[in-house]
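1. Everything below, folded, please.
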Amino acid sequence: REDRRGWRPFVRLAGPVWRLIGKPTAIGADFAARFGRHRLTPGELGLELTTLLALLAVGAFSFFFLGDIVDEAGLPRIDTLAADIADRMLADPLVDLSKVLTEVGSLPVVAAAATATAAWALARERWIEAAVLVAGVVLSYVLVHVSKAAYDRDRPDDMLIDAELSAYPSGHTAYSLTFVACATMLVRAGTGWAVRFAAVAVAIAAVVVIAATRVYLRVHHLTDTLGGAALGVAIWALLGALGLIGWFVRHNGRAQA
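-> Residues are numbered from 1 along each chain as shown. Below you'll find the predicted structure:
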């Protein structure tokens, strides 16, 4: 309404304001909306990458938080409570069974599972996924030993099996996250959602059982196993994100060619 005398100042002011503030704001809002939509959309670098980055952040924060939770006052209440429950459940048959189950999370067993899955991926020319698996096992071993040396937390008294190095984090628990990575990789070949859910659920259940045996056999406090799980989640989320980006760049290059 520039033809109206009272509106002329507002109309003349509206143009510069739109160019300096309104238009950049609209462009930024549009970019943010598109970026958010792509991050919540399955496929390419959408929901998968967003989920992996979220797991990386939560896993890393939880690992450092649990590592610093023990102070001069002693163990946190959650550790003493878990130890008391384990003591009440002690029985020779359960101890023998736990000694067998806990070895499933040992480095040789985990490395064998990762090697077999990596070989399966290589046979199908899924080079990036095979490399991620091998790198995950190596990185897990390195970070577990570095963390144990850095925190140097004492193990519980009266261990029922022999264990080396310090308590935090639980190496068996951290290594066992490899089973989740293997299950995820195996079901990404195109199986149904029911099979995918079942395979990953079984792998997660294995992690829980292995962590529980470490507490039950008195070689770890509960926070040690939680810290090991957090470290494993952070490691595999980081490598998964890098592998996903590598896969996207590789296939995007093929599409452009």
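
2. which residues of the stretch 1-150 of the chain fall in helices?
-> 8-17, 23-39, 47-67, 77-88, 92-102, 107-123, 127-151 (DSSP state H, counting those that start in this stretch).

3. With mean pLDDT and mean neighbour count added, can I get those helices in JSON lines?
-> C-betas here are computed from N, CA, C, even on glycine. Shown next, in JSON lines, are the helices of the stretch 1-150 of the chain (pLDDT from 0 to 100; neighbours: other C-beta atoms under 10 Å):
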{"stretch": "helix 8-17", "mean pLDDT": "75", "mean neighbour count": "11"}
{"stretch": "helix 23-39", "mean pLDDT": "75", "mean neighbour count": "11"}
{"stretch": "helix 47-67", "mean pLDDT": "91", "mean neighbour count": "17"}
{"stretch": "helix 77-88", "mean pLDDT": "91", "mean neighbour count": "14"}
{"stretch": "helix 92-102", "mean pLDDT": "93", "mean neighbour count": "14"}
{"stretch": "helix 107-123", "mean pLDDT": "93", "mean neighbour count": "17"}
{"stretch": "helix 127-151", "mean pLDDT": "94", "mean neighbour count": "18"}
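
4. ok, longest helix in this structure?
-> Among the segments of the chain that qualify as a helix by DSSP state H, the longest is helix 222-256.

5. could you check the angle helix 47-67 makes with that one?
-> Relative orientation of helix 222-256 and helix 47-67, computed by axes from the mean of the first three to the mean of the last three C-alpha atoms, to 10 degrees: 160 degrees.

6. Output the contacting helices and strands for helix 222-256.
-> helix 47-67, helix 77-88, helix 127-151, helix 171-187, helix 193-216 (3 or more C-beta pairs under 8 Å, 6 or more residues apart in numbering; DSSP states H and E).

7. can I get those helices in JSON lines with distance to Arg8?
-> Shown next, in JSON lines, are the helices and strands packed on helix 222-256 (distance: least, C-beta to C-beta, whole Å):
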{"stretch": "helix 47-67", "distance to Arg8": "49"}
{"stretch": "helix 77-88", "distance to Arg8": "70"}
{"stretch": "helix 127-151", "distance to Arg8": "63"}
{"stretch": "helix 171-187", "distance to Arg8": "64"}
{"stretch": "helix 193-216", "distance to Arg8": "63"}
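
8. out of those, nearest to Leu107?
-> When these are compared by C-beta to C-beta, helix 171-187 sits nearest Leu107, at 5.6 Å.

9. For Leu66, which non-adjacent residue is closest in space?
-> Leaving aside its chain neighbours, Leu66 sits nearest to Gly227 (4.1 Å; criterion: C-beta to C-beta, 6 or more residues apart in numbering).
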